[in-house]
Every structure is written in C-alpha cells, then in structure tokens.
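A.B. asks: take this sequence and fold it.
(chains A and B)
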Amino acid sequence: MPLCILRNIRKSFFIGQEEVEILKGISLAIDEGEFVALMGPSGSGKTTLMNIIGCLDVPSSGEYIFAGQKVSGLTDDELSIFRNEHMGFVFQNFHLLPYATVLENVLLPTLYVSRKKDSEPLKRARDLLKLVGLEDRERFKPSQLSGGQQQRVAIARALINDPRLILADEPTGQLDSSTAREIMDLLQSMGHGGKTVLVITHDWETAAYANRKIHMQDGLVSG
Amino acid sequence: MRRITLNLSIALRSLYSFKLRTSLAVLGVLLGTLSLIVVSNLTGSLVKQGEKELEKLGKNLLLVQSGTVIRFGMRTRLISTADTLKIADVQAILDHSPHVSMAAPSSTRTFPIRYENIVLRNTVVTGTSSNFTHVRNFQVERGRFFTEEEDRQLERVVVLGSRVAQRLFGAQDPLGKHILIWRVPCQVIGVMEEKGVDISNVDQDDQVFVPMGTFLRRFVNQQHVANIYVQTMESDSMMVAKSQIEAILRDRHNIQPGQQDDFTVIDSRDLLELKTQTTSMITLLGRIAATISFLIGAMGILSIMILIVNERKGEIGIRRAVGSRRRDIVLQFLLESSFIALMGGMVGVLLGLATSLIIFYFSGLPLSISPLALLVAFCSSVLVGILAGLYPSQKATTIQPINILNS
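C.D. replies: I've put the predicted structure just below:
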C-alpha cells in the first residue's frame, strides 16, 4: 500500500485580483521506502506540491491520503501534529535557529511531541548527531558551522521524531559539489534505512541518487 | 520540565541578542514594582507613625474644649469662647459616664518665668490635676509630679518641661530650686521626660506644670478651665463616652435643645484623621506614579515583543513546520514576555525593599514592610508581562510557514 496517494490535486493562488493555478490536477502515489526526486523547471509547481505532501499547505481541491489517513479535512492544529509525527523537513537554506545551539536545534521538534512515549530525546539527539558526524559540535552555534555541517544538523533535526517521510527542498542548492555528495549519501542511507525520501532538485547529479524521478511541467506531472 | 528549560534557554538567547531593548523593558517593570513597594511601605509607615503619635497623646483620649471649635478642612479653630467649664464638671463626668476611667482638667496661659538672671518670656504655664501624667501618658523623669493634696492646698510647686529645665538650669540640678513664675515664687519638684511635638503641634517640652488650684487662684484668678482630658476604658467606648459627656455637660450648663453647645468634645482620632488625609494624598500620588511606570514597562515589553516577533518570523516558520501548533507559539511568546516582566518584578521587589529600608533609616520613620504590597507588586508585574505579550504573540500565529520557508 502506498504511503502517499494524491488524487487530482489542484492549487491556485490569488496574485492581486488574478487567480493563478499552480497545480492543475496532480495524481500520483509514493510507496513506502521509495527515494523520489521531484524535478522540473522553476515555476512548475514543485515546491507547492511538496508543501502539500508535507502538510504545510492544503490543496484547493483534490484528495490527499497519507498512510491511510485523509489529510484534506484536518484542522490547522491536527496538521501541526501530523507534521510533527510523520514529516521531516530539510531546506535549501537549512533554516536553523541562529541563537540556539546545534543540540537545541536538533531537539526543537521534540518540544511539540504530543505522545507520552517520547523517551530520552536527548539520547536520540546525540545518537543522530553522531550519525551525521557532528557529535563534538553540539554546543556550537549554526554560524560557527560550515554549510554542509549546518545541513547535517538540519537532517538530524528532520529525523529526531522518527518520521515516515523526509522532504528535502533543494538540499544541496547552497553547497559545493563534494559537500552535496556527502549530504545526498546521507539522505540515501536514510532511504536504505527504510525511510521514504522526497527530494526536490533540478540537478541531474542529485537526481541520480533517486530510484524514481517525477518530472513536473506547468503544474502537471509530465512523466 | 525539559521542554520548559529548552524553550527558556532558546528564549534567553534570543532576548540576549536584543540586550538594550530587553533591559529597557525590564527597567520599566522594575520601576513600577519599585515605586509600588516603596509607596506602600511608606504609607504603612506613616499610618504607624500616626498611631504612635496618638499613643503619645494618651490612649483612648477625648478632649473637652471650652467654647465652640469647628474644623475647617485641615485645621481646627476656636470660634467662640466660654467660661462655663468648671472643675466640678470633671467630677460630674467621672460620676455619670461609666465608660470614663480618668479625667484631668487643664488650662494654659503664657507667663515670663525666671531663675536667677535667666528670664524666659512667654513660657506656657499649664495648670492641671495630679493625674495628668496618666491621662496624657506623659511621665516625670526626675523628681515627682505634684499630688492631689498639693493641688488642694494651692501649693506653689512646679514641674518643668525638659527644654525649660535645660534652658533655665543647664547642667545644674533644678530639683528643690525656686523659680519665679510671673510674680509667684514656685519650688521645682520635678522635670518631665522629653516628649517632643505631639499630634496637635504643641511642643510638650516647652512648658511648665503647676497644680490646677494654684493656677486658678494664684495666676489667673478664674473659676473656669480651658479643657478637660478624658480617658475612656476601651477604645470601642469612645463614641458612647463622647455622647454621654455631651449630655452631662449640656445638662450641667443648662443648654436647651436646639441651643448651641458651649463646649466641644474632640476625639483624638479626629486629630489623626487630619494626618491621614495627608497620608492618603501621598498614597494616591505614589499609586499614580507606580501605574505610569507599569504602563511604560508594558509599552516597553509590547514594543520589544513586536520587534522580536518580526525578527523571528523565520523561527516561527521553522517551529510551525516541525509541528508547533498556534497555541504553542502563543504560549512561547507569552512565556518570554512574562519572563521579562518577572525579571523586572523580582529585581524591583528587591530594590523596592532596599529603597524602603534606606528611607526608613534616614528619615527615622517607623519600619513598616507590607508583605501584601510585595505580593501585589510582583503579581502586577507578571500580569503586565502577560497582557503586553498578548498582541505580539497573536500576531506571531498569523505567520504562515510556507511564506517563510520557501523564500
């Protein structure tokens, strides 16, 4: 059974008075454990689609089912809990809290865990920092780290609540090619660990890590 | 608990990056708390001092004044005199009012007094009865007060106020010496303790006391007295005693219903009330100052929180993405603003206490620390923090993560 099922998803925005349709009826399914690259020129709707899959945004129409649950009807609070439990985000600009330490940044999502079973978050955070090779940097501020190191912190943060889906929007966009390869290797190892990974990229080298590529063109999946 | 400390440590770091603005906001709340506490303590102290002065005047004291006295706002005026208050009225009050425990008549007039070649012009000479020291709670320090027998025998004895004794005799022992009051030689038998200025603004140390009989016959040649100090059994019975005395004297002075009294009974609390009016003015001004300071503090917090929310849009977006609900964001910013207020509150309480102590130390006012004021000041500071945080935190929830994260 697929992890994500999208049926005829449409999304439009108002730019001034004019309604612009960004997504024009997208239907697709992503299986558990897949490593998917979402490709396409800018303006094709990749990011909007990822926002909807990541429950950061809701579609104007269409149906989205994640892990058997219909997401479309959830309230804002329920979406927050949903993101907290199931989604891990990695961004092009890392988006770490500048005044918090590396360890605090990794722990951030655990602040909002509603389940009682949240055990030993500190140990998990330290294990994850070890996994991404930053165990000796936990008291550093993000500004004291290189771009690649910051992105590793972001990946550790994305993994802290053991999500089922990792969404990465141009994760290597700010990095040089050797660092980019390290980050992609890390994401790929997550995939091998059983996580479903969705990467937005327009870089073929990055997309080569994926075992499935989805091309978007003008608000539609082109193949 | 772990979440609170984690949140707090992140919040502290972010507040630290706005050092100046944070400290200004803290300062506003601090000043508010400080002035509230100082004013409360000072007011408490003034009330306490009033009570002390009242006790100095004599406990549960009523003053029967010959003639009609009315009060114009802050001061009392004698508007008509009378010569109807007599020594016999003292006994009548004692006999007919069961609430009265003691009564002492008194009259004053100024005379020149002299010892050897030192002359004090215009010294207040008070004629009174032997129980004056008990009624007025005013004791003899050296020697003794005159007796009932001496009063009856019109003895020429005098008890000096401490300042008069100092002026006339300096370091000499005045006991047994003779001084000249007007033209009457009197033997000094005692010196009063130092009492200072009492609530009616009369310097108690700058007068001399002679027996009432001596005073009336030998000094003023009158039958009537100026006033009678009356002490009641309990403070509760003062009002009853007051109306009883009025009834007794009206009867004795043959005053018909509807006719104006030729005497006035003044409650010692009436005198205190005058003081209280001044005190409440100070209280009011202080409260206004405290409120303004709190308002400034609140505005400080409001502006720094709005600033912080604007500066931290990115953080809000990230937090929303990783699963914080709107209410978590509201809570977070309310926590931060209350934290600022709490800091100001705590430091303000400490400084307020210190300032009060310093003021008490240098002004000689009685020490009075109001725990209630501490509590109120502290709670108001927290309340200010929460109220000032409401709008910015509400504003923070309108931030949409996608607008922040994808830009």
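
A.B. asks: for the stretch 201-350 of chain B, what spans make up the strands?
C.D. replies: Assigned by DSSP state E, counting those that start in this stretch, the strands in the stretch 201-350 of chain B fall at B:207-211, B:227-232, B:263-267.

A.B. asks: so which residues on chain B come close to chain A?
C.D. replies: Selection of chain B residues close to chain A by Cβ under 8 Å from any Cβ of the partner chain yields B:2-3, B:6-7, B:9-10, B:13-14, B:16-17, B:314-315, B:317-328, B:401-402, B:405-406. All C-beta atoms are positioned from the backbone trio N, CA, C, and that covers glycine.

A.B. asks: let's go with 7 Å and repeat that
C.D. replies: B:3, B:6-7, B:9-10, B:13-14, B:17, B:314-315, B:318-326, B:328, B:401-402, B:405-406 (Cβ under 7 Å from any Cβ of the partner chain).

A.B. asks: picking up where we left off before, how about CSV for the strands of the stretch 201-350 of chain B, with mean pLDDT and mean neighbour count added?
C.D. replies: CSV is the format used below for the strands of the stretch 201-350 of chain B (pLDDT from 0 to 100; neighbours: other Cβ atoms under 10 Å in any protein chain shown):
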stretch, mean pLDDT, mean neighbour count
strand B:207-211, 94, 25
strand B:227-232, 90, 24
strand B:263-267, 85, 20
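
A.B. asks: closest to A:Met50 out of the ones you listed?
C.D. replies: strand B:263-267 (84.5 Å; Cβ to Cβ).

A.B. asks: how big is the angle separating that closest one from strand B:227-232?
C.D. replies: 40 degrees (axes from the mean of the first three to the mean of the last three Cα atoms, to 10 degrees).

A.B. asks: on the pLDDT front, check A:Val221 for me.
C.D. replies: A:Val221 is assigned a pLDDT of 91 by the prediction.

A.B. asks: on that earlier part again, could I get the strands of the stretch 201-350 of chain B as CSV with distance to A:Gln217?
C.D. replies: Shown next, in CSV, are the strands of the stretch 201-350 of chain B (distance: least, Cβ to Cβ, whole Å):
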stretch, distance to A:Gln217
strand B:207-211, 110
strand B:227-232, 103
strand B:263-267, 98
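
A.B. asks: A:Ile9: which of those is closest?
C.D. replies: So among the strands of the stretch 201-350 of chain B, strand B:263-267 is nearest, using Cβ to Cβ, at 87.0 Å.

A.B. asks: by contact count, what packs against the closest one?
C.D. replies: If contacts are counted by 3 or more Cβ pairs under 7 Å, 6 or more residues apart in numbering or on different chains; DSSP states H and E, strand B:263-267 sits against strand B:61-66, strand B:68-72, helix B:238-252.

A.B. asks: kindly export the longest one (C-alpha atoms) in CSV.
C.D. replies: Output in CSV follows, covering the C-alpha atoms of helix B:238-252 (Å, rounded to 0.1, in the frame of the first residue of the first chain):
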residue,chain,number,x,y,z
MET,B,238,-15.1,56.4,72.9
MET,B,239,-18.1,57.3,70.8
VAL,B,240,-20.5,56.3,73.7
ALA,B,241,-18.4,58.2,76.2
LYS,B,242,-18.4,61.2,73.9
SER,B,243,-22.2,61.4,73.7
GLN,B,244,-22.5,60.8,77.4
ILE,B,245,-20.2,63.6,78.2
GLU,B,246,-22.1,65.9,75.8
ALA,B,247,-25.3,65.0,77.6
ILE,B,248,-23.8,65.5,81.1
LEU,B,249,-22.4,68.9,80.2
ARG,B,250,-25.4,70.2,78.4
ASP,B,251,-27.4,69.3,81.4
ARG,B,252,-25.0,71.0,83.8
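
A.B. asks: buried sites along that helix?
C.D. replies: B:238, B:241-242, B:244-246, B:248-250, B:252 (16 or more other Cβ atoms under 10 Å in any protein chain shown).

A.B. asks: average pLDDT for that helix?
C.D. replies: The model assigns helix B:238-252 a mean pLDDT of 89.

A.B. asks: drop anything exposed from the residues of chain B next to chain A.
C.D. replies: For those, buried by 16+ other Cβ under 10 Å: B:6-7, B:10, B:13-14, B:314-315, B:318-326, B:328, B:401-402, B:405-406.

A.B. asks: out of the residues you listed, which sit inside helices?
C.D. replies: B:6-7, B:10, B:13-14, B:314-315, B:318-321, B:326, B:328, B:401-402, B:405 (DSSP state H).

A.B. asks: and which of those is nearest chain A?
C.D. replies: The closest of those to chain A turns out to be B:Arg13 (Cβ to the nearest Cβ; 3.9 Å).

A.B. asks: check whether the closest one really touches A:Leu97, as I assumed.
C.D. replies: No: using Cβ atoms under 7 Å, B:Arg13 is not in contact with A:Leu97; the gap is 8.6 Å.

A.B. asks: which residue is the nearest non-sequential neighbour of whichever residue of the stretch 151-300 of chain B sits closest to chain A?
C.D. replies: Residue of the stretch 151-300 of chain B nearest chain A, by Cβ to the nearest Cβ: B:Gly300 (21.0 Å). Spatial nearest neighbour of B:Gly300, excluding adjacent residues (Cβ to Cβ, 6 or more residues apart in numbering or on different chains): B:Ala25 at 3.7 Å.

A.B. asks: what do you get for B:Leu46?
C.D. replies: B:Thr279 (4.5 Å).

A.B. asks: before we move on, back to that, Validate this expectation: the residue nearest to B:Gly300 resides in a strand.
C.D. replies: No: B:Ala25: not assigned to a strand; according to DSSP: H, G, I helix; E, B strand; the rest coil it is helix.
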